[in-house]
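Asks: Return a 3D structure for these sequence lines:
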Amino acid sequence: MVFSLVLLCLLGLSVLINFGQFASSFITVPGTHYSHVAGPRIEEILIEERDGADKIAVIEIDGVITGQAIDQGGFGRVEVVRAELKKAEEDHRVKAVILKIDSPGGEVLASDELNRAIVEFQKRTEKPVIASMGNVAASGGYYVAVGSRWIVANELTITGSIGVIMHAWNYRGLMDKVGVRPEVYKSGKFKDMLSGEREPGEIPPEEREMMQSMINQTYARFKSVVASGRQQSKQKNRDDGEALAPDWADYADGRVLTGSDALKLGFVDELGNFEDAVNRAEKIAGIEEASVVQYQQRYDFSDFLRLFGSSEAKVVKVDLGMDGPRSRLQTGQLYYLAPSFLR
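Replies: Residues are numbered from 1 along each chain as shown. As a prediction, the model looks like this:
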């Protein structure tokens with residue numbers, strides 16, 4: 001009964017809020033300008049308070065990098081990080097940003113968008129971005145990191161895995177066993193590319209060549225981003241940073257590397273932990289005793305009321321610790337993803 005009363009009160013409050021919003025849309029006050037800012041709401045959390053007036057902002061990039069919604073607000077990883085970078089740009093006390101990366105990689109487009117956002121942020125603001133690698137910063141995670149001014153990795157960090165992968169299933173053998181045969185009508189020879197219903201011998205050689213060409217083009221983009229990112233960082237860091245080894249491309253074959261190996265090849269600039277990244281940020285930005293703050297999304301009671309005040313169907317996701325990255329891979333989707341996370 002108590003739960004029912006609480007629920008009834010919440011529903012009543014939601015109806016009042018929605019009615020107020022509906023009524024306000026018909027009321028206009030002369031000389032007043034109304035604006036609605038869309039996007040994630042970002043708040044600042046103090047991690048370490050120090051004597052200086054300047055701040056270093058921490059932005060986390062963890063888990064599989066995807067363009068899909070990562071929260072109940074419907075915002076994707078790229079949207080959230082862009083909003084956090086905007087907050088760092090608008091705060092004149094923020095002199096540097098630390099990307100705290102713990103990711104095996106993810107979707108090609110999402111990884112590229114994050115890399116571009118970091119590069120553009122530094123060009124606009126001249127505020128340095130320092131990447132601090134955690135347990136894993138491989139494939140798409142490394143792709144994002146190379147947009148930074150400086151990369152710090154633990155000697156045991158798993159990184160590298162420079163490469164592209166596309167995953168699909170061929171289940172024609174299973175269909176034959178159960179007596180199911182597909183009937184396909186298509187407008188062109190390649191309209192059913194990547195279909196798992198075909199016999200392997202039915203796949204035209206031209207199709208395999210086209211798919212491999214797509215992989216090669218995306219792979220070339222990855223190597224280009226690594227080369228240009230590390231070269232620009234070296235130019236800015238001069239004698240302090242690491243340059244790519246002459247044979248670095250020989251190790252860009254999908255293999256994973258430890259932080260120590262990555263340093264030898266010039267993929268990272270320094271071995272250390274998060275505190276080392278903070279010290280490096282202060283040195284590059286030319287500041288001392290800066291407070292460290294972290295950005296995160298802000299949720300309030302109105303986000304909870306959306307579950308009751310909207311006619312759209314809502315899905316509540318519960319993480320039971322049994323959902324691996326493979327279950328989120330889409331057939332035909334290109335990924336910058338470390339191989340060990342595909343199993």
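
Asks: any idea how far Gly12 is from Tyr251?
Replies: 63 Å (Cβ to Cβ, to the nearest Å). Yep, even glycine has a C-beta here, placed from its N, CA and C like the rest.

Asks: go on, Ser148?
Replies: 50 Å.

Asks: Can you pick out the residue with more neighbours from these two?
Replies: Under the criterion of other Cβ atoms under 10 Å, the comparison of Ser148 against Gly12 puts Ser148 first, with 24 against 11.

Asks: Return the residues in contact with the residue nearest to that one when sequence neighbours are not counted.
Replies: Leaving aside its chain neighbours, Ser148 sits nearest to Ala131 (4.0 Å; criterion: Cβ to Cβ, 6 or more residues apart in numbering). Remark: with contacts taken as Cβ atoms under 8 Å, 6 or more residues apart in numbering, Ala131 is in contact with Ile98, Leu99, Ile101, Ala137, Val144, Ala145, Ser148, Trp150, Ile151, Val152, Ala277.

Asks: pretty sure the last one contacts Gly134?
Replies: Read that as Ala277. No. Contact status for Ala277 versus Gly134: not in contact, 10.6 Å apart, counting by Cβ atoms under 8 Å.

Asks: ok, those two, which is more surrounded?
Replies: Ala277 (25 against 19).

Asks: So that one: helix, strand or coil?
Replies: Taking DSSP: H, G, I helix; E, B strand; the rest coil as the rule, one finds Ala277 in the helix state.

Asks: State the pLDDT value of it.
Replies: With respect to pLDDT, Ala277 has a value of 97.

Asks: Please apply the same query to the one 4 residues further on.
Replies: pLDDT recorded at Ala281 is 96.

Asks: Nearest spatial neighbour of it, chain-adjacent residues omitted?
Replies: Ala96 (4.0 Å).

Asks: Gly106 touches Ile61, doesn't it?
Replies: No. Counting by Cβ under 8 Å, Gly106 stays clear of Ile61, with 9.9 Å between them.

Asks: more neighbours, the two?
Replies: Applying other Cβ under 10 Å to Gly106 and Ile61 shows that Gly106 carries more neighbours, namely 31 against 25.

Asks: Bridged to that one, which residues?
Replies: Counting by DSSP bridges, Gly106 forms beta bridges with Ile65, Tyr336.

Asks: ok, it - contacts?
Replies: Contacts of Gly106 by Cβ under 8 Å, 6+ apart are Val64, Ile65, Thr66, Gly140, Tyr335, Tyr336, Leu337.

Asks: most surrounded residue in those residues?
Replies: Ile65 (32 neighbours).
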